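> please find the sequence and the predicted model below.
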Amino acid sequence: MKTQMVPIQVINLPNLRGEVPILDIGAGGEGLVSRIHDERVVGVDNNILKIREAGIYQNSSQWICGDARFLSIRDHSFSNSTIWFSMAFFREDTTKVRVLQEVYRILRSGGHLSL
């Protein structure tokens, strides 16, 4: 059987507007958003080990270990939020809905969610 090489794929990630902070839900592990936008990012993850893992990239992001369904963040505090991979790890639809409700509570009017 002959194996076929899969071509390298380049994925252009969005440049989130402005210089304002970005709330990144499920930010641990790879810490992708924090690696791109560095000190602009407030990363949220419910697993401290994943937050520590993201720390190997030595950026200036801020981190919150907590449940994205119930964040202790004031209403309308952020203009940008990202949920790039985390939704796949939320098993129940009710959890997905609750996380989205929480993000929209935190976003300012006209805010941007990159999902």
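Here it is on my side, so go on. Source: prediction; values computed, not measured. Numbering: from 1, shown residues only.
> for the biggest helix by length in the chain, buried residues please.
The longest helix of the chain (DSSP state H) is helix 93-106. Within helix 93-106, the residues that count as buried by 16 or more other CB atoms under 10 Å are Lys96, Arg98, Val99, Leu100, Glu102, Val103, Ile106. Every C-beta, even on glycine, is put in place using the N, C-alpha and C of the backbone.
> distance check, the residue lying closest to Val33 once chain neighbours are set aside against His112.
Using CB to CB, 6 or more residues apart in numbering and skipping the chain neighbours, the partner closest in space to Val33 is Asp24 (4.2 Å). Here the criterion is CB to CB, to the nearest Å. By it, Asp24 lies 13 Å from His112.
> and Gln4, by the same measure?
Gln4 is 39 Å from His112, by CB to CB.
> what do you get for Gln58?
On the measure of CB to CB, Gln58 and His112 end up 27 Å apart.
> hmm, Gly31 and Thr82 touching each other?
No: using CB atoms under 8 Å as the test, Thr82 is too far from Gly31 to be in contact (11.6 Å).
> neighbour count for these two, which is higher?
Taking other CB atoms under 10 Å, Thr82 and Gly31 do not tie; Thr82 has more neighbours (27 against 23).
> tell me the contacts of that one?
Leu16, Ile22, Leu23, Asp24, Ile25, Val33, Leu113, Ser114, Leu115 (CB atoms under 8 Å, 6 or more residues apart in numbering).
> just these: which are in helices?
Going by DSSP H, the helices hold Val33 from the contacts of Thr82.
> between the contacts of Thr82, which is nearest Val42?
Leu23 (5.3 Å; CB to CB).
> who does that closest one bridge with?
In this entry, Leu23 is beta-bridged to Val42, Ser81, by DSSP bridges.
> burial count for it?
Leu23 has 27 nearby residues by other CB under 10 Å.
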